[in-house]
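Participant: Only the shape, not the letters, is given here:
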Ligand code: FEO
């Protein structure tokens, strides 16, 4: 069973962003499956790198719209993105050096962070973006 199930409670009502969130959910599920299946470290490292790259692309998309529409809660939201990026990069460095392992706890952190972030701060910009014509 997938670690995260996509459902409407995760929708921010903006198609482009929902698609990106669905991809992030899919990548976390793939990483979890790979870990549980005991895939080799090279596969896991590649998946972690892809996840970090895609998260960066996604954060840039949201932040582009924050700037474009002068979203009032941008600063705190960008800080959440930056904090997550730093934590996951630190984890990646430790994982690649062999000092940190991928674990159920790490997967739980990724899964909880994404779902809490989407349901908390991401969903707040939905109505604001919709008012600006972004759907
Ligand atoms: Fe969808 Fe703010 O990340």
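Facilitator: Yes, it's here. Everything numeric here is computed off the predicted structure, so don't read it as measured data.

Participant: The residue of the chain found nearest the ligand - nearest residue in space that isn't next to it in sequence?
Facilitator: Closest residue of the chain to the ligand, C-beta to the nearest ligand atom: residue 122 (4.4 Å). (C-beta placed from N, C-alpha, C; glycine too.) Nearest residue to residue 122, sequence neighbours excluded (C-beta to C-beta, 6 or more residues apart in numbering): residue 12, at 5.2 Å.

Participant: Looks like that neighbour contacts residue 117 (just checking).
Facilitator: No: here residue 12 lies out of contact with residue 117, judged by C-beta atoms under 8 Å, at a distance of 10.9 Å.

Participant: which of the two has more neighbours?
Facilitator: Just comparing residue 12 and residue 117: by other C-beta atoms under 10 Å the higher neighbour count belongs to residue 12, 21 against 17.

Participant: contacting residues around the residue of the chain closest to the ligand?
Facilitator: By C-beta atoms under 8 Å, 6 or more residues apart in numbering, the residues touching residue 122 are 12, 17, 21, 62.

Participant: What of residue 125?
Facilitator: Listed by C-beta under 8 Å, 6+ apart, the contact set of residue 125 reads 12, 62, 65-66, 71, 73, 77.

Participant: so what pLDDT did it get?
Facilitator: Listed pLDDT for residue 125 reads 98.

Participant: Check the secondary structure at it for me.
Facilitator: With DSSP: H, G, I helix; E, B strand; the rest coil as the basis, residue 125 sits in helix.
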